[in-house]
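[1] Curious how this folds, go ahead:
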Amino acid sequence: MSRLKENYLYSRVFIPEFLSFGLIIILITLILSDSFIKFFIILTLIIIFFIRLIDSVGRKRKTQIRIIQKAIDDIRNNMFSSPDEIKLGKQLFELESDIKSMFLKTQNDIANLKKLEQVRTEFLGNVSHELRTPIFAIQGYLETLLEGAIDDNRVNKIFLSKAFHHTNNLNNLLHDLIDISMIESGQMRMSFRYFNMKDFIDPIVQDFALLAEEKHIGMILHEIRPKLEVFGDKTRIKQVLTNLISNAIKYTEQGKVEIMVLDEGKFCRIIVRDSGIGISEKDLGRIFERFYRVDKDRSRSVGGTGLGLAIVKHIIEAHNSRIDVKSSPGFGSEFSFLLKK
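    Residues are numbered from 1 along each chain as shown. The predicted structure follows:
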């Protein structure tokens with residue numbers, strides 16, 4: 001009796017349909033029966049039939065529900081390594097397909113969460129390390145000065161100058177951290193408008209001319225069509241070019257740095273090319289990662305926060321474009337991106 005009751009509980013969702021169907025059969029039987037005894041016998045058989053039907057449907061539904069519950073529990077307990085291991089049977093084929101899709105999405109979500117957690121941990125570790133370096137340096141110089149070096153005219157200005165240099169590095173790092181945080185959280189607002197490319201680039205190149213001259217490398221700005229206008233956030237594109245030109249000069253010991261603007265249909269391509277040390281193929285895929293440095297010792301000696309190219313990538317992507325890189329060790333690098341004309 002308890003089994004029948006349990007099966008009834010699983011099949012009760014179909015009770016309205018059973019009752020409707022049963023009522024129709026009873027009415028037909030009542031109309032066709034020519035005696036009360038025959039009607040009673042047929043009615044009894046109908047009731048028995050429906051009891052057996054309810055029991056059969058309930059048993060089948062109970063089995064299917066338990067199969068589904070087991071599959072879900074196994075997914076929750078990480079019992080499956082592949083969606084192909086999930087089997088619900090032919091009668092649950094469509095649901096099996098949906099559960100497999102759910103399993104794949106869950107696996108992807110878990111993988112993404114693990115990746116995000118790893119990125120977050122690495123980011124916090126890198127930030128701590130990058131902050132610690134200038135802070136410890138400043139602390140060391142100031143401590144030395146307080147212990148008596150302040151009265152030594154041979155070193156006091158040198159130590160103060162070095163401490164000041166590290167405060168600039170610290171300030172640049174904090175600015176870059178704020179920028180990348182705002183970009184990735186969607187809080188950095190872009191102001192898109194048309195602006196003249198020649199009038200825009202000329203002063204940027206002039207700002208770097210002295211630095212290039214001090215390193216005895218050429219700084220070449222190729223001819224730009226005077227009336228060429230592009231669409232973008234002028235301030236952020238300046239940040240991109242400043243970063244790319246600065247890097248080109250830093251990593252070029254001899255030769256030249258070239259800036260070009262080429263027409264490409266409805267777009268123009270902005271190119272910053274150098275004849276510097278270049279980037280190996282294994283590093284090309286990672287140079288836009290936060291704090292990734294191709295040559296850590298050299299990168300720190302020439303300055304930089306390790307966030308510049310990550311910011312460049314985000315800004316260019318916000319313009320529905322992408323940053324392209326061509327480089328090989330010893331033959332320089334070329335960074336370029338498209339802007340709408």
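
[2] so what secondary structure elements neighbour whichever strand or helix holds residue 52?
    Element membership of residue 52 [criterion: DSSP states H and E] is helix 36-76. Applying 3 or more CB pairs under 8 Å, 6 or more residues apart in numbering; DSSP states H and E, we find helix 36-76 packed against helix 2-11, helix 15-32, helix 93-146. In this view, the C-beta of every residue, glycine as well, is placed from N, C-alpha and C.

[3] Please compute how far it lies from its chain's middle.
    Averaging C-alpha positions (CA atoms, centre = their mean, to the nearest Å) puts helix 36-76 50 Å from its chain's average.

[4] average pLDDT across it?
    Helix 36-76 shows an average pLDDT of 75 in the prediction.

[5] and it with helix 93-146, angle?
    Orientation of helix 36-76 against helix 93-146 (axes from the mean of the first three to the mean of the last three CA atoms, to 10 degrees) gives an angle of 30 degrees.

[6] contacting residues around residue 116?
    Applying CB atoms under 8 Å, 6 or more residues apart in numbering, we find residue 116 in contact with no residue.

[7] Residue 110 versus that one, what's the distance?
    11 Å (CB to CB, to the nearest Å).

[8] Show me the domain layout of this protein.
    2-79, 125-184, 193-340 (automatic domain parsing).

[9] Quick one: distance of the first one to the chain centre.
    If I follow you right, that is domain 2-79. The answer for domain 2-79 is 52 Å, by CA atoms, centre = their mean.

[10] And the last one, by the same measure?
    Distance of domain 193-340 from its chain centroid, counting by CA atoms, centre = their mean, is 23 Å.

[11] Look at stretch 185-193 and report the distance between its end residues.
    Length of stretch 185-193, first residue to last, CA to CA, to the nearest Å: 23 Å.

[12] and that stretch, average pLDDT?
    Mean predicted confidence for stretch 185-193 is 81.

[13] Then stretch 291-306?
    Mean predicted confidence for stretch 291-306 is 59.

[14] do the same with stretch 127-146
    Mean predicted confidence for stretch 127-146 is 83.

[15] and it, which residues are buried?
    127, 130, 134, 137, 138, 141, 144, 145 (16 or more other CB atoms under 10 Å).

[16] CA atoms only: put that stretch into PDB for me.
    What follows is stretch 127-146, C-alpha atoms only, in PDB (Å, rounded to 0.1, in the frame of the first residue of the first chain):
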ATOM      1  CA  VAL A 127      51.000  45.300  -6.800                       C
ATOM      2  CA  SER A 128      52.600  44.500  -3.400                       C
ATOM      3  CA  HIS A 129      56.000  43.900  -5.000                       C
ATOM      4  CA  GLU A 130      55.800  47.000  -7.200                       C
ATOM      5  CA  LEU A 131      54.800  49.200  -4.300                       C
ATOM      6  CA  ARG A 132      57.300  47.700  -2.000                       C
ATOM      7  CA  THR A 133      60.300  48.500  -4.300                       C
ATOM      8  CA  PRO A 134      60.000  52.300  -4.400                       C
ATOM      9  CA  ILE A 135      58.800  52.500  -0.800                       C
ATOM     10  CA  PHE A 136      61.700  50.600   0.600                       C
ATOM     11  CA  ALA A 137      64.100  52.600  -1.600                       C
ATOM     12  CA  ILE A 138      62.600  55.900  -0.300                       C
ATOM     13  CA  GLN A 139      62.700  54.600   3.300                       C
ATOM     14  CA  GLY A 140      66.400  53.600   2.900                       C
ATOM     15  CA  TYR A 141      67.500  56.900   1.500                       C
ATOM     16  CA  LEU A 142      65.600  58.900   4.100                       C
ATOM     17  CA  GLU A 143      66.800  56.700   7.000                       C
ATOM     18  CA  THR A 144      70.400  57.200   5.800                       C
ATOM     19  CA  LEU A 145      69.900  61.000   5.600                       C
ATOM     20  CA  LEU A 146      68.400  61.100   9.100                       C
END
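
[17] residues in contact with that stretch?
    156, 159-160, 162-163, 166-167, 169-170, 173, 177, 291, 300, 305-306.
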